[in-house]
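Student: What would the 3D arrangement of this be:
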Amino acid sequence: MNQPQASLSDRARKLARWSLFATLLAAVVIMLGAWTRLVDAGLGCPDWPGCYGFLSVPQSAESIAIANARFPDTPVEVEKGWPEMIHRYAAGTLGLVVFGLAGYAVRHRREGLPVKLPLFIAGFIVLQGAFGMWTVTLKLWPQVVALHLLGGFTTITLLTLLTLRLRGRQSPPARPDAAPARGFRPWLYGGLALVIMQIALGAWTAANYAAVACPELPTCEGQWWPADMDFRHGFDIAQHVGPNYLGGQLTADGRVAIHVTHRLGAVLVLGYLGVLLALMWRRFRGSHLGGHIQLVAMVLAAQIALGLANVAFHIPLSVAVAHNAMGAGLLLAVVNLLWRLREQPQTQAVNRPNTTINREVTA
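Tutor: I've put the predicted structure just below:
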């Protein structure tokens, strides 16, 4: 009678390993996307999914001549074509892994494996691929670029949730200690919403090349609140399709408005999560949640430090890529904490000076 359960555990464990691999690969894809954008290689290949009609970047004199004849307005730049194609190769590999996850889950659906979430991720990957295509064909239109960036963060979040769910199936979680969990959960969802908002602002900042709009700290253009900021232009989501948006089309005042808003968002996220994490640490430091709370705090501190370093050192490539990756890390750390809070065990240890009180809830 234990054989079916053992089989389910084995299959869930296998699917969880591949889901974790897909999550790590998604992180690599996000960093490669940031690298491609930061080296101005977003249009290194003017077509999709190939490059000038080839499966890889044309390099021989003959191939380059053919490519230039096909796209006379965008001559081949090999050094910009490779970042774009490496990003596409990695994204394509991620798509294949996700389709494999979905196929495995469907194949063993009668054995209790989750099916809806893997299928949803597979469908979302198709949509994300379409946004990747539109990013190129619409010449880095900021609306599409921002949505494509957000799609990458959504993909890695969904894969993380799948991994957590599968790992939980291997050892069924205990019911949560309702009182503390119920008290903190809404506030943590509020923190998650702020992190998502800040990521969206970061995507809009990147899509409009506004990261360098304020080159000093803590002020911008020598002012705490620049008088010439143009929020209407900076947050105009009705920019028309047509121009080549490589390098951006916004005025300097519009970019300053975006940059300052992103800075204010960072202060809001830091303040809100800082207070919330301190309160949660005070309540849960003696439990298994303590480490997960510390993880969010460390990632938050690292992300703020990287953001400051971006401005102070004028967007060095390594720091800017790390800032993108750490944004995903902060999102996943908060999601993980929410998941762990939901799975808080029935036995809760609370640290007090010189005493430890263990409360046991019996069914």
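
Student: do you know how far Leu332 is from Ile86?
Tutor: Relative to Ile86, Leu332 is positioned 23 Å away (CB to CB, to the nearest Å). Glycine gets a C-beta too; all of them are placed from N, C-alpha and C.

Student: Neighbour count: these two, which is higher?
Tutor: Leu332 (23 against 17; other CB atoms under 10 Å).

Student: what residues are up against the more buried one?
Tutor: Ile156, Thr157, Thr160 (CB atoms under 8 Å, 6 or more residues apart in numbering).

Student: in the stretch 251-363 of the chain, which spans are strands?
Tutor: Secondary structure of the stretch 251-363 of the chain (DSSP state E, counting those that start in this stretch): strands at 348-352, 355-359.

Student: Where among those strands is average confidence lowest?
Tutor: The minimum mean pLDDT among these belongs to strand 355-359 (a mean of 37).

Student: got a list of contacts for stretch 122-139?
Tutor: So stretch 122-139 is contacted by 42-43, 45-49, 88, 91, 94-95, 98-99, 101-102, 141, 144-145, 147-148, 151-152, 154-155, 158, 241-246 (CB under 8 Å, 6+ apart).

Student: whoops, I mixed them up, stretch 292-301
Tutor: Under CB under 8 Å, 6+ apart, the answer for stretch 292-301 is 269-270, 273-274, 277, 280-281, 284-285, 326, 329-330, 333-334, 336-337, 340.

Student: And stretch 313-327, by the same measure?
Tutor: The contact list for stretch 313-327 (CB under 8 Å, 6+ apart) reads 27, 30-31, 33-35, 38-39, 153, 198-199, 202, 206, 211-212, 215, 299, 302-303, 306-307, 309-310.

Student: change it to 6 Å
Tutor: Met31, Ala34, Trp35, Leu38, Ile199, Ala211, Val212, Ala302, Gln303, Leu306, Ala309, Asn310 (CB atoms under 6 Å, 6 or more residues apart in numbering).

Student: and it, which residues are buried?
Tutor: By neighbour count on 16 or more other CB atoms under 10 Å, the buried set for stretch 313-327 is Val319, Ala320, Val321, Ala322, His323, Asn324, Ala325, Met326, Gly327.

Student: Then stretch 22-40?
Tutor: The neighbour-count check on stretch 22-40 (16+ other CB under 10 Å) flags 22-23, 25-27, 29-39 as buried.
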